[in-house]
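Trainee: Structure for this input, please:
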Amino acid sequence: MTTRVLYPGSFDPIHNGHIEIVETAARAFDEVFVAVVGNPGKGSGVFTLEERFEIIAEAFAGMANVTPLMHSGLVIDLARDNDVDFIIKGLRASGDFESELQQAQINKQLSGVETMFLPSTSVSSFIASKYIREIARLGGDVSSMVPGPVLARLRAKMAGSD
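Mentor: The predicted model follows:
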């Protein structure tokens, strides 16, 4: 029996904490879908949905059981369309758990799909995309928080926004 999971997020940008969660999921499950989803509540980001999809495709190109997806609707619809067994969410701190638990309960109620939580290690638990965006916009060094291809794209974006 194949176990399929969906890891949705805005991933603007994807960072080492996200990478860690995908690598853990790829070891634990047969198929991992990493879905860039549009989140109107987060406002405009650094990268377009299409650019984030491209970055994720690059980041996981060497992992045969990881498939990037792009979606602008409800996560539960994407879960149903891809016949996933679980939605996975990464947790950094206790504050994450509260909001993610609520989303998990809503998703379960609406779709029947369970959510599994994967904790990040203490090495990456402080990393958040919003801080990476802010640091990069102000010219700071985020090289220890993002993969190389993301860093290159961030630098190019920031150079073009002056």
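Trainee: So Glu50 sits against Met70, correct?
Mentor: Yes. If you go by CB atoms under 8 Å, Glu50 and Met70 touch, sitting 7.1 Å apart. C-betas here are computed from N, CA, C, even on glycine.
Trainee: For these two, indicate the residue with more neighbours.
Mentor: Met70 (16 against 10; other CB atoms under 10 Å).
Trainee: just for this structure, where's the confidence low?
Mentor: The model of the chain has pLDDT under 70 over residues 40-44, 161-162.
Trainee: And the helices in it?
Mentor: In chain order, the chain shows helices spanning 16-28, 49-59, 75-81, 94-111, 129-137, 148-160, with DSSP state H as the criterion.
Trainee: Just send those back as CSV, with distance to Ser120 too.
Mentor: CSV is the format used below for the helices of the chain (distance: least, CB to CB, whole Å):
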stretch, distance to Ser120
helix 16-28, 5
helix 49-59, 16
helix 75-81, 20
helix 94-111, 9
helix 129-137, 13
helix 148-160, 17
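Trainee: Thanks a lot, see you next time.
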